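*Asks:* sequence and predicted structure are below.
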Amino acid sequence: AQSVTQLGSHVSVSEGALVLLRCNYSSSVPPYLFWYVQYPNQGLQLLLKYTSAATLVKGINGFEAEFKKSETSFHLTKPSAHMSDAAEYFCAVGPGNQFYFGTGTSLTVIP
Amino acid sequence: DAGVTQSPTHLIKTRGQQVTLRCSPKSGHDTVSWYQQALGQGPQFIFQYYEEEERQRGNFPDRFSGHQFPNYSSELNVNALLLGDSALYLCASSFLAGGTDTQYFGPGTRLTVL
């Protein structure tokens, strides 16, 4: 069975501050892990993915995530938040025929 | 290169009616998955189609059915609509034969059941 847990349904940061969104996974097989971003009234856009290569994964818009097997975590970070980063972020786990998504974290960026 | 497209954008139906949603996958992709995203929730997997057959199904009733056409496009059908079916329906495509699990999502269809 596979699942993800996103800690913190709402996160607020000041513009220019570090962004840290937490994701813990559960998987009985080596996982593929993904972060997606969703802007209001839009679909999901892929930010980055981990598929058993390098444990530190760099994505679009300055985001990165580190796969830590010992902690079963795949937290998303960005050194300096921008106003345009305000959105809903979803962590997802595979592989398999389906993805299992977390419940999402809403990121607010305070000017 | 066109991404995943879905139609219609919005749809309003009444309880008991039937609805069909459509999806065209990203160019070069052969697999289509459908998800239901209720307000304030993460997407929930409905089913996946590959080679015109349902490959796997999530925990959704038989009222939810689908189809994949030879050009890889897909339809999601929902019969006997309930108020609880109101949600954003997302289509995602991937290239299964290429051995990757990365799914690319369309903008979704917002279904409102009154």
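*Replies:* Everything's here; your move. The structure displayed is predicted, hence computed values, not measured ones.
*Asks:* from here on, contacts and neighbour counts on C-alpha atoms
*Replies:* Fine.
*Asks:* which parts of chain B sit against chain A?
*Replies:* B:33, B:40-45, B:47-48, B:55-56, B:90, B:101-102, B:104-108 (C-alpha under 8 Å from any C-alpha of the partner chain).
*Asks:* of those residues, just the buried ones, ChimeraX syntax please.
*Replies:* Of the residues of chain B next to chain A, the buried ones go into a single ChimeraX selection, burial set by 16 or more other C-alpha atoms under 10 Å in any protein chain shown:
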select /B:33,42,43,44,45,47,48,90,101,102,104,105,106,107,108
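*Asks:* any idea which residue is closest to the centre of the chain?
*Replies:* By default, I'm working from chain A. Closest residue to the average C-alpha location of chain A: residue A:35 at 3.8 Å, with C-alpha atoms, centre = their mean.
*Asks:* nope, chain B
*Replies:* Chain B, centroid-nearest residue using C-alpha atoms, centre = their mean: residue B:34 at 3.1 Å.
*Asks:* which SSE is the one residue in chain B that gets nearest to chain A in?
*Replies:* Chain B approaches chain A most closely through residue B:107 (3.9 Å), counting by C-alpha to the nearest C-alpha. Following DSSP states H and E, there is no helix or strand that holds residue B:107.
*Asks:* so where's the chain uncertain?
*Replies:* No chain in the question, so chain A it is. For chain A, the stretches with pLDDT under 70 are A:95-97.
*Asks:* hm, I was asking about chain B
*Replies:* Scanning chain B with the threshold set as pLDDT under 70 gives B:1, B:98-101.
*Asks:* around chain B, which positions in chain A sit nearby?
*Replies:* A:32, A:41-46, A:49, A:90, A:94-104.
*Asks:* report all helices and strands that the helix or strand where residue A:45 lies contacts.
*Replies:* Assessed by DSSP H and E, residue A:45 sits inside strand A:44-50. Judged by 3 or more C-alpha pairs under 8 Å, 6 or more residues apart in numbering or on different chains; DSSP states H and E, the packing partners of strand A:44-50 are strand A:32-38, strand A:56-58, strand A:64-68, strand B:104-105.
*Asks:* let's go with 7 Å and repeat that
*Replies:* strand A:32-38, strand A:56-58 (3 or more C-alpha pairs under 7 Å, 6 or more residues apart in numbering or on different chains; DSSP states H and E).
*Asks:* which one of the ones you listed is the most hemmed in?
*Replies:* Most buried of these, by mean neighbour count (mean count of other C-alpha atoms under 10 Å in any protein chain shown): strand A:32-38, with a mean of 22.
*Asks:* mind listing what that one pairs with, with the direction of each?
*Replies:* Pairing partners of strand A:32-38, with direction, according to DSSP bridges: strand A:44-50 (antiparallel), strand A:87-94 (antiparallel).
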